[in-house]
Every structure is written in C-alpha cells, then in structure tokens.
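Participant: Predicted model and sequence follow; I will ask about them next.
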Amino acid sequence: MRKRATHTGDEADVNITPLLDIVFILLIFFIVTATFLRERGINVQTPEDNPDPPDIAVAALVLAVQEDGFVRVNGVRVIDPGSVKPVVQEYMAREPNGSVLVSAAAESESGVAVQVMDQAQDGGARGRISLTLQKEQ
C-alpha cells in the first residue's frame with residue numbers, strides 16, 4: 001500500500017495589495033474624468049424676483065390652484081388642471097403681451113401647481129409665468 005502524499009507546511013497566500021492599488025487608481029480615474037450634468041428644472045419667477053415694477057400695466061390671467069386640486073380662472077370659473085392649456089391659448093390670443101399668474105393655495109399639492117405651469121407653458125405663455133402663494137385668510 002502506498003502512502004498518500006500530503007503536503008504539510010506551506011499554504012498558498014493570496015496577496016490582494018496590488019488588487020486594491022489598481023481599484024483605487026481606477027476609482028480616482030473615474031472620479032476625475034466624470035462629467036456632471038446640470039439638469040434643467042422649472043424656472044420660477046416670483047414677483048419678489050423683479051424689484052422694479054413695470055412701467056405699463058400688463059394684463060394677467062390668474063390661475064388659482066385650490067386646496068381640492070381644481071383651478072379657478074380669474075376667480076370666476078373652476079376647471080380641471082388638465083384643461084388649462086386651451087384657456088391660456090385663448091387668453092394669449094386676446095392679450096399677446098399678457099402674463100399668467102399661478103396662485104397656489106398653501107394646502108394644495110405642489111404637483112398640481114407644476115402641472116398648471118406646464119400647461120400654461122404649452123399654451124404659449126413661455127417666460128411670462130409667475131408663481132405665488134395665496135395668503136391664508
């Protein structure tokens with residue numbers, strides 16, 4: 001019967017120091033070469049942003065976002081937030097130099113105000129939209 005050869009003594013050690021060095025070098029390389037994008041958000045212009053009042057009175061369409069999620073147009077009629085675009089298109093056809101004021105209630109959802117602003121932009125009021133917060137009574 002033969003004796004089995006058993007290796008006692010040296011065990012294989014794995015040296016991971018060079019691997020860690022390469023990982024850190026790659027990490028530094030990717031951090032240095034990374035490009036950071038500046039995402040475009042909503043450009044909100046509030047009345048406080050413009051300290052100089054305009055010389056002439058400009059007509060404004062007031063879209064009041066209520067707490068229940070509906071929109072009141074010039075304090076007269078109530079519409080759905082998805083129906084703002086045709087109202088703004090009609091207003092801009094009558095008043096080409098007019099502006100749109102989105103007045104949001106304090107307890108209204110911010111998503112509704114954003115949807116109203118998007119609809120107003122799609123309706124042709126680009127750059128002439130202001131956002132304000134309704135005062136509590």
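Facilitator: Received, thanks.
Participant: okay, which residue is most central for the protein?
Facilitator: Among the residues of the chain, the one closest to the centroid is Gly41, at 4.4 Å (C-alpha atoms, centre = their mean).
Participant: for it, phi and psi?
Facilitator: Here the main-chain torsion angles of Gly41 (degrees, to the nearest 10) amount to phi -110, psi -160.
Participant: With Val78 instead?
Facilitator: Dihedral angles for Val78 - degrees, to the nearest 10 - are phi -110, psi 130.
Participant: And for Leu63?
Facilitator: When read as degrees, to the nearest 10, the backbone of Leu63 gives phi -110, psi 100.
Participant: who's in contact with the residue nearest to the centre of the chain?
Facilitator: Taking C-beta atoms under 8 Å, 6 or more residues apart in numbering, we find Gly41 in contact with no residue. Every C-beta, even on glycine, is put in place using the N, C-alpha and C of the backbone.
Participant: pLDDT at it, what is it?
Facilitator: At Gly41, the pLDDT value in this model is 72.
Participant: ditto for Glu136
Facilitator: If you check Glu136, the pLDDT there is 70.
Participant: Isn't it up against Ala106?
Facilitator: Yes. At 5.9 Å, Glu136 counts as touching Ala106 under the criterion of C-beta atoms under 8 Å.
Participant: Could you identify the longest helix within this protein?
Facilitator: When the chain is scanned for its longest helix (criterion: DSSP state H), the result is helix 17-33.
Participant: can you give me the mean pLDDT across that helix?
Facilitator: Mean pLDDT, helix 17-33: 92.
Participant: for the worst-scoring helix or strand of the chain on mean pLDDT, the distance to its chain's centre please.
Facilitator: Sorting the helices and strands of the chain by mean pLDDT, DSSP states H and E puts strand 129-133 at the bottom, at a mean of 86. From the chain centre to the centre of strand 129-133 is a distance of 15 Å (C-alpha atoms, centre = their mean, to the nearest Å).
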